[in-house]
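**Student:** Sequence first, predicted model second:
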Amino acid sequence: MRWNGFLATTIVALLAYAAPAAADTFVVDTTDDATGFCSPTSCSIRQAIVSSGQSSGPDAIQIPQGFYALSQGPLQITSEVTIAGAGATATTIYAASNSRVFDIAGTTASISHLTMA
């Protein structure tokens, strides 16, 4: 009986001090369609999406005003993310003919305040 009380107390203590999953915010700062991960000096839309897939919890991606032409195919979203542009008339993501802008698989995504063409 004594061990049961100790175990229950330990579990409660661990749950009380467990760090909650923190969402990351990625800010796009280049119109280039660069691949890989965001760096301290450059973060494309594609890099922000890849980087957000590496962190736990839902993330946010902020895309400033600009014209973003995709040269590497659709943007692959595989983890929960919120993507927000600077406005439908201010932020445009352009895909090549017969291509998608986003390919969302196995997750949810909220995309707002931008134009997809």
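**Tutor:** On my side now, so go ahead.
**Student:** Cys89: neighbour count?
**Tutor:** Let me fix one detail, which is that residue 89 is Thr and not Cys. By other CB atoms under 10 Å, the residues close to Thr89 number 11. No exception for glycine: its C-beta is placed from N, CA and C like everyone else's.
**Student:** In three-state terms, how would it be classified?
**Tutor:** Secondary structure for Thr89, judged by DSSP: H, G, I helix; E, B strand; the rest coil, is coil.
**Student:** Show the pLDDT at it.
**Tutor:** If you check Thr89, the pLDDT there is 97.
**Student:** That one and Thr115 touch, don't they?
**Tutor:** Yes. Judged on CB atoms under 8 Å, Thr89 makes contact with Thr115 at a distance of 7.4 Å.
**Student:** ok so Ser51 is a strand residue?
**Tutor:** No. Read with three-state DSSP, Ser51 is helix and lies in no strand.
**Student:** what about the protein, any weak spots by pLDDT?
**Tutor:** In the predicted model of the chain, residues 1-22 satisfy pLDDT under 70.
**Student:** and with 90 instead?
**Tutor:** By pLDDT under 90, the low-scoring segments of the chain are 1-23, 40-41, 55-57, 96-98.
**Student:** all strands of it, in order?
**Tutor:** Applying DSSP state E to the chain gives strands spanning 25-27, 59-62, 66-69, 75-77, 81-84, 91-94, 102-104, 109-112, 115-116.
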